[in-house]
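K.L.:
Can you look at this prediction? I've put the sequence above it.
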Amino acid sequence: MKSNQEPARRVKGVRDILPEEAAVWRDVEQTARKVFSLYGFQEIRIPIFEKTEVFVRSIGETSDIVEKEMYTFTDRGGESLTLRPEGTASVVRAYVENRMDNLAGVQKLYYTGPMFRAERPQAGRFRQFHQIGAEVFGTENPAIDAELIVMLMDFFGALEVEGLKVSLNSLGCPQCRPMYREALAGFLKKNMESLCADCQRRVERNPMRALDCKSAGCKSTVSGAPSLENYLCQSCRESLDGVKKPLFDLKIPIVIDPGLVRGLDYYSRTAFEVTSGQLGAQNAVAGGGRYDTLVEQFGGPPTPAIGFALGMERLVSLLKQPGKVTAPDIYLIAIQPEAESRIFELGHRLRAEGYCVDRG
């Protein structure tokens, strides 16, 4: 008898990952664990939601994520909580709260899992999306920045993903960036009429947001803006050179892009992005950079740090090989009803021996 009820449907902007595709995701995650472990990384599992202030403090009040895209709610105790829109802030909070700065040596952590942003669903963008990320705490050596990029490219290589481009830039530091912000703000004020409403509001508080704006008018305007490259201090220039040299030595194909600006407030110095020509307008597969002041902002000791995150949905769309769906080693069928108990007992015994057993 046919039901008169409408079939249940998923929420707009999320998707189901069915068994065949889930097998691909499992292969990707297992490859990440294998490659990352070769570089000394350990897994950390972070909560899906945090106190809202964790993300406001790190991402920045003027970011699109905080202003428009966070899934924020008030719990029964009246506390404001937010589904995580990215992973770095949660990892830094965990690093500080659990006093991981007291552990010996540099801390290398990675994570996997869903993130949530209430943005308009479109090709390559979902309201629930998934990331793999890695973070390094406790060293400002630019060779670590380069090694993180090499590890990321080793991971893509292990998955046989081709045609990727690595873009690299320096975002300056607290010593040299204020001069650039002042010059950029002056330029933007002279071109206010061509900026979107969001960037007009941000000119005073955070003019660098305009460099990352996707509005056509803003993109056209900032193409003529002063270049951050011309304002870098000597220390930042030396740090950028220290990242480039190991990559050039290993013949990792990189492009120095003075226009590359990461969209979150906490980045400084090294910024990088991995893009694919097969993804259309939303072409970023992975991105990251250095955030040397964020641990201190969370109440921890001054701790240099760097990390990246990659988008699983976009990465999976680039893979050539299908995932490995598990097929049974043995299939049991009871021809007569009285054989049912025998089938049940035999299947249990075979599985205990390590065989994959299914039954009719």
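P.N.:
Yep, it's here. Numbers count the residues shown, from 1 in each chain.
K.L.:
tell me the contacts of the residue nearest in space to the middle of the chain?
P.N.:
Nearest to the centroid of the C-alpha atoms of the chain, with distances taken as CA atoms, centre = their mean, sits Ala309, at 2.5 Å. By CB atoms under 8 Å, 6 or more residues apart in numbering, Ala309 lies in contact with 86-88, 131-133, 286-288. Every C-beta, even on glycine, is put in place using the N, C-alpha and C of the backbone.
K.L.:
Doesn't it belong to a helix?
P.N.:
No - secondary structure of Ala309 (DSSP: H, G, I helix; E, B strand; the rest coil): strand, not part of a helix.
K.L.:
so what's it bridging to?
P.N.:
Gly133, Gly287 (DSSP bridges).
K.L.:
For the residue nearest to Thr139 when sequence neighbours are not counted, give me its contacts.
P.N.:
Leaving aside its sequence neighbours, Thr139 sits nearest to Val106 (CB to CB, 6 or more residues apart in numbering; 5.0 Å). Listed by CB under 8 Å, 6+ apart, the contact partners of Val106 are 136-139, 144.
K.L.:
Among the residues you listed, which one has the most neighbours?
P.N.:
Counting neighbours by other CB atoms under 10 Å, Val136 leads those with 25 neighbours.
K.L.:
check contacts around that residue.
P.N.:
Contacts of Val136 by CB under 8 Å, 6+ apart are 106-109, 144, 148, 305-307.
K.L.:
Quick check on those: which are buried?
P.N.:
For the contacts of Val136, a neighbour count by 16 or more other CB atoms under 10 Å gives the buried set as 107-109, 144, 148, 305-307.
K.L.:
would you turn the contacts of Val136 into TSV with distance to Ser235, secondary structure and pLDDT?
P.N.:
Converted to TSV, those look like this (distance: CB to CB, whole Å; DSSP: H, G, I helix; E, B strand; the rest coil; pLDDT from 0 to 100):
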residue	distance to Ser235	secondary structure	pLDDT
Val106	21	coil	96
Gln107	24	strand	97
Lys108	24	strand	98
Leu109	27	strand	98
Ile144	16	helix	96
Leu148	20	helix	97
Ala305	17	strand	97
Ile306	16	strand	97
Gly307	21	strand	97
